[in-house]
Structures are given as C-alpha cells and as structure tokens.
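Asks: Sharing a model prediction with you, sequence too.
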Amino acid sequence: MVISRLDATVKTSGGTSLSHLPAVVGGTARVRSDLLEPDTGNLIAGVQKAVDRLIGATSMDELLALAAEAAAQIGFTRVLFSRVDHGIWLTHSAFTVEDPDFAEQLVAFGTAHSRRLAGQLLESEMLLSGTPILVSDAQSHPRVFRKLVRFARTTDYVAAPVQAWGLPVAMVHADRYPDATVQEIDRRLLGLYAGGLGLAIERAQLADRLKVINQASASLGERADDGCHGSHPNQLAPVRLAAVSSFPSAEHATERLSPREWDVLRSIALGKTNAQIATSLFLTENTVKVHVKRILRKLGAANRTEAAALYHRLTRRGP
C-alpha cells in the first residue's frame with residue numbers, strides 16, 4: 001500500500017514513524033489527546049484518502065491542480081502549494097475551506113512577491129534537510145517569508161518539502177486558521193502527505209512520458225505502413241527508435257563521474273531537458289550543458305540517448 005511507503009518517508013525525514021507518535025510527542029500528547037488517541041487512525045486515513053486523490057490524477061496538470069485541495073482531507077483549513085523553480089519560491093495553488101476568493105488572492109500575492117530560497121529562510125533549510133517544519137510564532141519569527149505571512153495573517157503553520165526522484169521540487173504549507181493551532185502531529189501528517197505527493201508526481205511524469213512514447217510509436221507505425229505500399233515488405237528496413245552502442249568500457253567510465261554528474265545523468269535518463277534539469281538541480285542551463293558534455297565524453301557516448309541507455313543498463317544490475 002502507498003501508506004506503508006509514505007510512513008517510511010516520515011521515518012527518514014522526521015526520525016520516527018507515526019505508529020510511535022504518542023510516545024514521541026510527549027507533552028503535546030496530553031494537550032491534544034483527542035487527536036492522538038482514538039483519532040490518530042482517522043487522521044492517517046485522511047492522508048491516505050488525500051494521496052488516493054493524487055494518485056487518481058491522469059496528468060501532471062491535473063495533479064498539480066489537486067495538490068493543495070487534497071490536503072484538506074487531513075483537516076487543514078488553508079493549504080498553499082508552491083513550486084521550486086531555479087531556487088525561487090513560486091506559489092502555484094491554494095485552497096481555503098470557507099473562502100475560495102482568498103485562496104486566489106494568496107496565490108496572486110505570492111506570485112507578485114516571489115522570493116529566492118536562500119539565506120536564513122526556514123524553508124531553505126527545510127528543502128536542504130528534507131524535514132517538515134512547524135512554526136509556532138509566525139508573525140514574529142525572523143526567518144519566515146514575512147510579506148506572505150503578514151498577508152495571510154498566519155499565526156502558526158506547518159510546511160513540508162515535496163521530493164521527486166530524490167530532489168526537492170515543491171513545498172506544501174498548511175494551517176488551521178482561524179479556529180485552531182497546528183501541533184507536532186500536523187507537521188508529521190503533512191510530511192506524510194508530501195511524501196505521497198512526491199510519489200504521485202513521479203507517477204504522473206512517467207504517465208505523461210508514456211503518452212508521448214505511445215504517440216511517437218503510433219506515428220512511426222503509420223509511417224512504416226505508408227512505406228510498405230508499392231514495395232516488397234523485405235525491402236523495408238526495421239524502424240529503430242535509438243541506436244545504442246555497446247559501451248565496451250562504460251562501467252569503468254562511470255567511476256570517473258562526479259556526484260553532480262551522476263545527478264545530471266540520472267535526469268537525462270528520465271528524459272528531462274536541460275531546462276528541466278537546471279530547475280530540479282538549482283543550476284543554470286549553461287552549467288547543465290557543460291555537465292552533459294563532460295558526461296558524454298567520459299562515457300564515450302555519442303548522444304544523450306546512448307548515455308541514458310547506459311544508465312539504465314547499469315542501474316538494472318543493482319546499486
């Protein structure tokens with residue numbers, strides 16, 4: 001089940017699974033025992049329902065449109081979903097339980113005041129560590145995005161990084177404004193949800209890529225059929241989607257790749273463009289081009305297709 005994989009995500013980022021939450025939270029368990037005792041299962045079930053909605057998306061566009069709204073299944077009253085693009089915090093969508101107009105205003109305000117994720121900003125540290133955060137004094141905290149916090153009148157909030165293919169690509173912020181505050185359990189629940197969102201993003205990207213491959217295959221099939229008319233079938237050369245060399249010394253060549261070059265190679269194998277790689281790795285396109293040239297030279301590959309084929313061949317053998 002998805003929830004078991006997501007629990008592993010929380011163990012990695014938060015240090016402890018939700019199954020041991022009452023013992024970990026300590027004082028918080030006494031303050032909100034109504035959440036931690038019989039209702040903890042219901043809250044986790046809410047995360048599962050939210051993730052099920054994400055998994056049901058048929059495209060990346062549909063998934064991103066659901067990213068904020070689905071988190072309301074966990075009980076949050078306001079949710080903000082933001083993309084991370086070239087190290088810039090870009091608000092993408094928002095959901096508010098009772099005020100949809102404010103959700104639109106929040107996204108518009110965030111877009112107009114986009115901010116670089118650097119310095120002492122809490123969200124910068126969150127993306128680097130991969131750990132969800134809880135901010136209990138948002139209005140006075142010196143390391144928050146003050147303009148956005150003041151516009152939203154946020155008193156406290158939780159936030160979690162969204163990772164796809166091992167890289168931070170987005171963030172989710174949530175609170176229970178105006179009637180309730182957020183607690184440690186909310187931080188963990190949102191981290192669980194963000195883990196599911198990351199898996200859903202990977203799935204949607206693969207689905208979109210599969211559609212492109214199917215369309216290309218259909219197009220190639222039509223061309224092959226057209227080529228058969230008026231000629232003997234044996235005269236038609238087989239269609240090859242890619243020409244892949246044997247890479248006689250490729251395994252040794254990969255040992256010379258730097259960790260960053262491995263990141264770029266992995267992205268190439270996923271079919272990403274230079275612009276997409278730059279976005280996900282917080283690099284400029286020119287830097288990515290330099291990495292790609294070095295990778296091809298070290299691998300002895302003629303093009304990106306050969307490099308991707310080598311990556312898949314090696315990773316199928318194990319770590």
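Replies: Thanks, I have the structure now.

Asks: Which helix or strand contains residue 92?
Replies: strand 88-96 (DSSP states H and E).

Asks: Show me which residues of that strand are buried.
Replies: Residues 89, 90, 91, 92, 93, 94, 95, 96 are the ones in strand 88-96 that count as buried (16 or more other CB atoms under 10 Å). Glycine gets a C-beta too; all of them are placed from N, C-alpha and C.

Asks: That one pairs with which strands?
Replies: strand 78-85 (antiparallel), strand 115-116 (antiparallel) (DSSP bridges).

Asks: got those strands as CSV, with distance to residue 270 columns?
Replies: Putting the strands paired with strand 88-96 into CSV (distance: least, CB to CB, whole Å) gives the following:
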stretch, distance to residue 270
strand 78-85, 17
strand 115-116, 26
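
Asks: Distance from the chain centre to stretch 271-281, please.
Replies: 13 Å (CA atoms, centre = their mean, to the nearest Å).

Asks: my bad, should have said stretch 274-287
Replies: 16 Å.

Asks: so how far is the first residue of it from its last?
Replies: End-to-end distance of stretch 274-287: 9 Å, with CA to CA, to the nearest Å as the criterion.

Asks: buried sites along it?
Replies: Going by 16+ other CB under 10 Å, stretch 274-287 has these buried residues: 274, 277, 278, 279, 280, 281, 282, 283, 287.

Asks: and what of stretch 302-316?
Replies: 304, 306, 307, 308, 309, 310, 311, 314.

Asks: Could you export it as CSV, CA atoms only?
Replies: Output in CSV follows, covering the C-alpha atoms of stretch 302-316 (Å, rounded to 0.1, in the frame of the first residue of the first chain):
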residue,chain,number,x,y,z
ALA,A,302,27.7,9.9,-28.9
ASN,A,303,24.5,11.4,-27.6
ARG,A,304,22.0,11.7,-24.7
THR,A,305,20.2,8.5,-25.8
GLU,A,306,23.3,6.4,-25.5
ALA,A,307,24.1,7.9,-22.1
ALA,A,308,20.6,7.2,-20.9
ALA,A,309,20.7,3.6,-22.2
LEU,A,310,24.0,3.1,-20.3
TYR,A,311,22.5,4.5,-17.1
HIS,A,312,19.5,2.1,-17.3
ARG,A,313,21.8,-0.9,-18.2
LEU,A,314,24.0,-0.2,-15.1
THR,A,315,21.2,0.5,-12.7
ARG,A,316,19.3,-2.6,-13.6
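
Asks: Alright, that wraps it up for me.
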